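In: no FASTA, just this:
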């Protein structure tokens with residue numbers, strides 16, 4: 001079979017993908033040293049992290065970071081925060097609202113709901129947005145601006161910029177050293193550019209690997225759940241392919257029974273403390289598929305995404321998307 005033509009990929013979305021290193025560098029350069037809020041304001045008893053779609057998924061690592069520091073942090077879809085979870089909207093809360101456009105229907109509803117409260121009972125709002133003149137940027141009490149630039153369609157560079165902005169916000173909320181964090185994040189644009197430089201090769205390799213796939217599951221643990229959830233959402237939106245993101249243990253509660261030649265598992269190895277669960281899942285998914293057809297060709301495809309070249313996931317998966325981030329500070 002002839003290799004797939006890449007001409008169909010040319011266009012604004014590819015340009016956005018290739019613009020990710022610049023978007024990250026620009027966002028890093030524009031991060032504020034302060035939110036203009038008092039320490040008492042930042043130390044409100046609860047922090048509510050809210051967004052929709054990939055913006056919500058991007059908040060998961062920040063929630064884990066806050067919980068590890070002893071803060072009370074809720075993760076709430078904005079559409080639910082303005083309805084069933086609205087009791088969280090009081091003076092004890094600091095709301096972190098993430099929206100690329102800053103003007104999605106749910107975000108505006110949230111801002112209106114808060115504005116209707118008695119001033120003494122309102123939560124404070126920190127907005128994280130790519131749009132400087134949006135309702136979120138103009139009406140929030142503090143803003144983390146993203147500088148990804150206009151995005152053509154499905155989120156790519158704004159998602160990565162959001163992750164950077166939220167790392168910075170976490171440092172501001174917890175009083176961490178900003179210069180150390182900036183040094184940690186500084187190599188990111190070059191690392192992303194190095195990977196994207198070979199994008200035609202990556203596309204051809206993945207197209208061949210995923211050729212028989214009809215259902216794709218992305219699994220993560222801890223902070224890598226953000227990549228699993230956002231990755232599945234972006235795949236559905238951009239390719240119309242059935243894709244689901246979930247934790248490795250959740251995959252065992254139902255989806256594992258779908259194992260077969262048309263199912264692919266994309267495993268994000270994640271934190272070493274829980275990496276064993278993905279190693280076991282890789283083994284079990286392969287075993288489930290092989291037993292179904294008594295033929296190696298009928299087992300599911302397992303693709304690993306990992307920063308560790310000699311890890312079990314890298315060595316035992318059918319294919320590997322290598323990350324080259326280098327050792328991580330924390």
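Out: That came through fine. In this text, all values refer to a predicted model and were calculated from it rather than measured experimentally.
In: could you point out which residue ranges in the chain have low pLDDT?
Out: Where the chain drops to pLDDT under 70, the residues are 1-4, 8, 289-305, 315-321, 324-330.
In: mind running it again at 50?
Out: Filtered on pLDDT under 50, the chain yields the residue ranges 1, 290-300.
In: now do the domain split for it, please.
Out: Annotated domains of the chain cover 12-188, 210-322 [automatic domain parsing].
In: and those domains as CSV, adding mean neighbour count and distance to residue 195?
Out: Using the backbone N, CA and C atoms, a C-beta is placed for each residue, glycine as well. Shown next, in CSV, are these (neighbours: other CB atoms under 10 Å; distance: least, CB to CB, whole Å):
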stretch, mean neighbour count, distance to residue 195
domain 12-188, 19, 9
domain 210-322, 18, 9
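In: so for residue 202, which of these sits nearest?
Out: For the domains of the chain, distance to residue 202 was read as CB to CB. The smallest value, 7.6 Å, belongs to domain 210-322.
In: distance across that closest one, terminal residue to terminal residue?
Out: Its first and final residues considered, domain 210-322 spans 17 Å by CA to CA, to the nearest Å.
In: cool, stretch 184-198 as well?
Out: 24 Å.
In: next one: stretch 134-151
Out: 15 Å.
In: separation between residue 281 and residue 314?
Out: Distance from residue 281 to residue 314, counting by CB to CB, to the nearest Å: 15 Å.
In: try residue 263
Out: Distance from residue 263 to residue 314, by CB to CB: 21 Å.
In: need the residues that contact the helix or strand residue 50 falls within.
Out: Remark: residue 50 resides in strand 46-51, with elements defined by DSSP states H and E. Outside strand 46-51, the residues within contact range by CB atoms under 8 Å, 6 or more residues apart in numbering are 56, 58-59, 62-63, 66, 71-78, 81, 88-89, 92-99, 110, 123, 173.
In: for the domains of the chain, give me JSON lines that also has distance to residue 203.
Out: Below are those laid out as JSON lines (distance: least, CB to CB, whole Å):
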{"stretch": "domain 12-188", "distance to residue 203": "10"}
{"stretch": "domain 210-322", "distance to residue 203": "11"}
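In: quick one: closest of those to residue 204.
Out: domain 210-322 (11.2 Å).
In: now do that closest one: distance to the chain's middle.
Out: Put simply, domain 210-322 sits 17 Å off its chain's centre (CA atoms, centre = their mean, to the nearest Å).
In: sorry, back to before: out of the contacts of strand 46-51, which sit inside helices?
Out: 56, 58, 62, 63, 66, 78, 81, 110, 173 (DSSP state H).
In: can you add distance to residue 11 and give those residues back as CSV?
Out: Formatted as CSV, the ones in helices among the contacts of strand 46-51 follow (distance: CB to CB, whole Å):
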residue, distance to residue 11
56, 28
58, 25
62, 33
63, 35
66, 39
78, 31
81, 36
110, 34
173, 39
